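> no sequence for this one, just the structure:
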């Protein structure tokens with residue numbers, strides 16, 4: 001894996017890190033085992049940004065996704081693209097993201113209750129993340145994006161009725177879809193069909209594109225494809 005790519009391994013203990021590394025090693029496919037991404041009438045869909053297309057092209061050409069299912073979260077347009085382990089595009093959908101613009105998480109934010117997270121701290125971090133399935137405090141199945149900062153990908157759910165999350169998710173405006181505490185909220189049916197059977201069942205990779213810092217800050221190698 002190119003050393004110039006920003007890598008986020010999500011664990012709070014050395015044992016957890018060792019488990020993730022072992023799992024990822026066993027999932028790597030040889031170069032001949034991963035076909036080229038289908039083009040034309042499939043990927044890219046209407047609305048896919050140039051940066052999303054660039055990271056998908058780079059990931060599949062270099063096998064950076066390690067033969068694992070992966071998602072691209074395009075923060076500037078508040079959308080998600082889901083790919084199988086064989087790099088087949090499965091679908092795209094709008095998502096809710098952190099209400100604050102920014103590509104970094106405040107240190108220690110994952111240990112704080114939601115009530116203590118200030119509005120300017122509600123960011124969705126950018127970068128490449130090794131994902132893993134898990135459960136939240138309510139026992140609901142989720143996909144951990146960054147375990148240390150408690151950022152996950154899950155079905156849309158409301159913290160309070162005033163947030164109107166489902167209505168905002170249906171909005172055509174990307175700005176309307178910036179109202180979470182930092183987690184990525186996907187439509188329920190889309191999550192159940194495309195995300196839960198893949199990233200919700202085993203390890204995966206998430207590429208979260210930046211919205212305030214340059215693309216190359218997080219994906220310098222992909223910028224040279």
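Sure thing, it's come through. Predicted model, so just to flag it, every value in this text is computed and none were measured.

> hmm, residue 135 is touching residue 143, no?
No - using C-beta atoms under 8 Å, residue 135 is not in contact with residue 143; the gap is 10.5 Å. Backbone N, C-alpha and C define where each C-beta goes, glycine included.

> ok, those two, which is more surrounded?
residue 143 (24 against 12; other C-beta atoms under 10 Å).

> which helix or which strand is home to that one?
According to DSSP states H and E, residue 143 maps onto strand 141-146.

> residues of that strand that come out buried?
Across strand 141-146, burial judged by 16 or more other C-beta atoms under 10 Å covers 142-146.

> and if you look at stretch 164-172?
For stretch 164-172, burial by neighbour count (16+ other C-beta under 10 Å) applies to 165, 168-169.

> quick one, grab the pLDDT at residue 108.
For residue 108, the model assigns a pLDDT of 69.

> what does the one 10 residues further on give?
Turning to residue 118, the model gives it a pLDDT of 77.

> what about it, distance to residue 180?
From residue 118 across to residue 180, the span is 14 Å (C-beta to C-beta, to the nearest Å).

> which one's more surrounded, these two?
residue 180 (24 against 10).

> what's the angle between the lengthiest strand in the chain and strand 141-146?
In terms of residue count, the longest strand belonging to the chain (DSSP state E) is strand 127-135. Counting by axes from the mean of the first three to the mean of the last three C-alpha atoms, to 10 degrees, strand 127-135 lies at 150 degrees to strand 141-146.

> what residues sit buried inside strand 127-135?
Result for strand 127-135 [16+ other C-beta under 10 Å]: buried residues 127-133.

> with stretch 97-110 instead?
Neighbour counts using 16+ other C-beta under 10 Å place 97-103, 105-106, 109-110 of stretch 97-110 among the buried residues.

> what about the strand holding residue 143, distance to the chain center?
Centre-to-centre, strand 141-146 and its host chain are 9 Å apart (C-alpha atoms, centre = their mean, to the nearest Å).

> poorly predicted segments of the protein, please.
1-41, 108, 110-111, 116, 159-162, 224-225 (pLDDT under 70).

> one more time with 90
Residues of the chain meeting the criterion pLDDT under 90: 1-47, 100, 105-122, 136-139, 147-150, 157-168, 170, 179-182, 220-225.

> quick check, nearest of the buried residues of strand 127-135 to residue 173?
Nearest to residue 173 among those: residue 127, at 25.4 Å, using C-beta to C-beta.

> how about the buried residues of stretch 164-172 in TSV, adding secondary structure?
Output for the buried residues of stretch 164-172, formatted as TSV (DSSP: H, G, I helix; E, B strand; the rest coil):
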residue	secondary structure
165	helix
168	helix
169	helix
